[in-house]
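Asks: sequence-free structure coming up:
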């Protein structure tokens, strides 16, 4: 697991009564990975996390999430429960190589993710949940050479028919191919809730000390591109910059901080490796509605 | 601890709105056993579990249960807190040697247990709770040679008198004797709640590749017998079959699925040992009210 | 962590409907300490606890608390999150060397602590919380030779101003100096809530098999002195006796058990070391309002 803590400045908090614009942000994540292997070489595993966070001046206590169970054999993995999710697993979805997988200490809202709705990045795809029960789905992954394919499925209880689960169902598909230092990815999610239909594609690579990525995401409400570049500075530092351009006709900002998604957001993430699993991280994000955030702090792994 | 996951078909869900008859059933159990030993050889121990489950299409997050504390010396053990319970500890109460201690992946309602009320198998005796705080009682166990004796006591808050805990109290007594491959057991629970007065007896044994058990349970509402047999098939497989006959004049079924206990239920459990702590399990149960269940999946220990 | 369990007699329960005067008291504490060290020798750490308790006849399930994060270098430590707290860290605040840090198995209300309000010992200072999220503050500790200095700060959300955390803030300062077997301590807390302004001072030491301590605490409501002495008996036993005298004009007892703080309370704690981390503990406390408590049981570390 890991610990992370730092300071978080978020201009959005200037409109929240009783909350400071500058707060401690922290998370402690304890991860339990359990494994067993049969005589024939079939590997079973389970993952369990217990994490506690502080955000916006309110600290929480820790809690276990839902469990994921997996079985692997000859490059094929089947998971059930709190699954990874096909779209979530697409290379290029999250920021490349940052400790938060976004910007700064806690990801700062993950505005760099190209899959958006009028509400912003709302994680409307099946994804492993570190704090909740997750999707309770099933998924199959297959890897061979540079290719990885991933299909996930989940079905929620609901509806009005006896003996039938009529809540939202989601089917996700992801394929990615890496060749040398480059990769291309395509992913999609088909849902019984139209807003959660998703198309995603990305391509990226490393060129010595430089890295670059282009990602595209589309939902019923928003089409969005993210361009990202990063550069190693000396032996221990890395700077990552991203720009996202979103075409969201139903979510146009008229005043600062109204939550509009249409337009351009950008961010920068700086990391310095202290060795021993510890990293200094600082990040800045300017949102499409002109709210902005700054964070600086530390990660350490254990 | 262990992980288990599989598919669960339960005909009872055909009458539940918004729920499928077929669902994922899973559990992840993380067990912490702590010990300390004094210079004089007195052993202290504590047990703590954190488990997460999915049942009937709803996944849960994990949580710790209540703690059990124990001290052992020269064959005598005293436990307090989330105690085992004397009736719970009776050999022959649960299915012999199955991974779920019942049938299938999650025990499938434990219809093979001979202690029943008009509501079925409702666990109305003190027992270790993996998901809750447990009985908060005290118990003494003594083992010598093939003999084990067990007395447990619990007292709940309640009632209308100041300075006195007037909630339900339960006293359990269990004695068992094993000789060679055979055992006989008797257990009872006396409660201030008449419905929770329990009498139980069982006898069983192994005859080479075959095993058999006869169990009897009685409460104010239901008298019940369970006959169980199991057989090893080859080096890694075991099949267990059980039949329960319940005399429940207050709980006679008139239509399928009305929850009646009176009559006959039966089940079959198949296990195949994959090695490395992993086991394939399948089970089928036909309930006294003609509902039926089928489950198949995998257990793995870690 | 540790386990502890025993019997608790508390005369205050004679006025509580449905609760016995004698109950099981228990706690299981599982502690996770995580560390990482950078190449330059900066040490990061995090602490996480999951504990379950039973008190007054009601058992609880376990839960994680809030996390504390720390970084240490050259005798300076900075913690954020669920901080220790400057006043909490003052030597002489808690009972010297007892397993509960108070009297008996669970501290028995910690009546020996010299910091009181009209409600008794209410822990109205920032302190590490084993069962909750804690203060979500920041603190700096510095140690050199026999000196330790400690400053802590916390700020809660609240108030009516947008963009500003107007809840209670607390600043704590503690300094202590030890020379040989003796120590002197002073601590204070300044809060935006006047009732939580605290002054504390203590001095103590060991004289061979004997130890003694004098502590003084003051709040807006109560001035209080605690005198404590302890003595080793043979190789494995220790007896500790304390007397607290509180000047609480706003909390004078008129009848037994009315919760008055004004006057004298005293207690005695007996410990016998069983080896291997196990200790027998017994304690008696007579409160200022003439309620009394008795506890006996066992601690064991793991």
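Replies: It's in. If you're wondering where the values come from, they're calculated on a predicted model, not measured in any experiment. Residues are numbered from 1 along each chain as shown, chains lettered A, B, ... in the order given.
Asks: and residue A:206, what does it touch?
Replies: A:181-182 (CB atoms under 8 Å, 6 or more residues apart in numbering or on different chains). All C-beta atoms are positioned from the backbone trio N, CA, C, and that covers glycine.
Asks: measure it to chain B for me?
Replies: Going from residue A:206 to chain B by CB to the nearest CB, to the nearest Å gives 37 Å.
Asks: for the strand or helix carrying that residue, which strands pair with it and how are they oriented?
Replies: Using DSSP states H and E, residue A:206 sits within strand A:198-207. Strand A:198-207 has the following strand partners under DSSP bridges: strand A:182-191 (antiparallel), strand A:210-218 (antiparallel).
Asks: buried sites along it?
Replies: A:198-206 (16 or more other CB atoms under 10 Å in any protein chain shown).
Asks: possible to save the residues you listed as JSON lines with pLDDT?
Replies: Listed next are the buried residues of strand A:198-207 as JSON lines, based on pLDDT from 0 to 100:
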{"residue": "A:198", "pLDDT": "98"}
{"residue": "A:199", "pLDDT": "98"}
{"residue": "A:200", "pLDDT": "98"}
{"residue": "A:201", "pLDDT": "98"}
{"residue": "A:202", "pLDDT": "98"}
{"residue": "A:203", "pLDDT": "98"}
{"residue": "A:204", "pLDDT": "97"}
{"residue": "A:205", "pLDDT": "96"}
{"residue": "A:206", "pLDDT": "95"}
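Asks: quick one: distance of the strand holding residue A:206 to the chain centre.
Replies: With CA atoms, centre = their mean, to the nearest Å as the basis, strand A:198-207 stands 14 Å off its chain's centre.
Asks: circling back: I'd like the strands paired with strand A:198-207 laid out as CSV, including mean neighbour count and mean pLDDT.
Replies: Formatted as CSV, those follow (neighbours: other CB atoms under 10 Å in any protein chain shown; pLDDT from 0 to 100):
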stretch, mean neighbour count, mean pLDDT
strand A:182-191, 19, 98
strand A:210-218, 19, 98
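Asks: got a markdown table for these, with distance to residue A:75 too?
Replies: Rendered in a markdown table, the data for the strands paired with strand A:198-207 read as follows (distance: least, CB to CB, whole Å):
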| stretch | distance to residue A:75 |
| --- | --- |
| strand A:182-191 | 18 |
| strand A:210-218 | 26 |
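Asks: among the ones you listed, which comes closest to residue A:6?
Replies: strand A:210-218 (24.1 Å; CB to CB).
Asks: any idea what residue A:4 is bridged to?
Replies: Beta-bridge partners of residue A:4, as defined by DSSP bridges: residue A:27, residue A:299.
Asks: for it, give its distance to residue C:48.
Replies: The gap separating residue A:4 from residue C:48 is 14 Å, by CB to CB, to the nearest Å.
Asks: next one: residue A:234
Replies: 34 Å.
Asks: ok, now which ones touch the residue in the stretch 201-302 of chain A positioned nearest to chain B?
Replies: Minimum separation of the stretch 201-302 of chain A from chain B (CB to the nearest CB) falls at residue A:302, amounting to 18.0 Å. Shown in contact with residue A:302 (CB under 8 Å, 6+ apart): A:1-3, A:277, C:34-36, C:46.
Asks: for residue A:274, same thing?
Replies: A:236, A:280, C:38-40, C:42.
Asks: let me see the backbone angles for the most centrally placed residue in chain A.
Replies: Compute the mean C-alpha point of chain A, and by CA atoms, centre = their mean the closest residue is residue A:94, 5.3 Å away. When read as degrees, to the nearest 10, the backbone of residue A:94 gives phi -100, psi 170.
Asks: for the closest residue to it other than its chain neighbours, what are its contacts?
Replies: Distances taken as CB to CB, 6 or more residues apart in numbering or on different chains place residue A:101 nearest to residue A:94, at 4.1 Å, with adjacent residues excluded. Counting by CB under 8 Å, 6+ apart, residue A:101 touches A:94-95, A:107, A:110.
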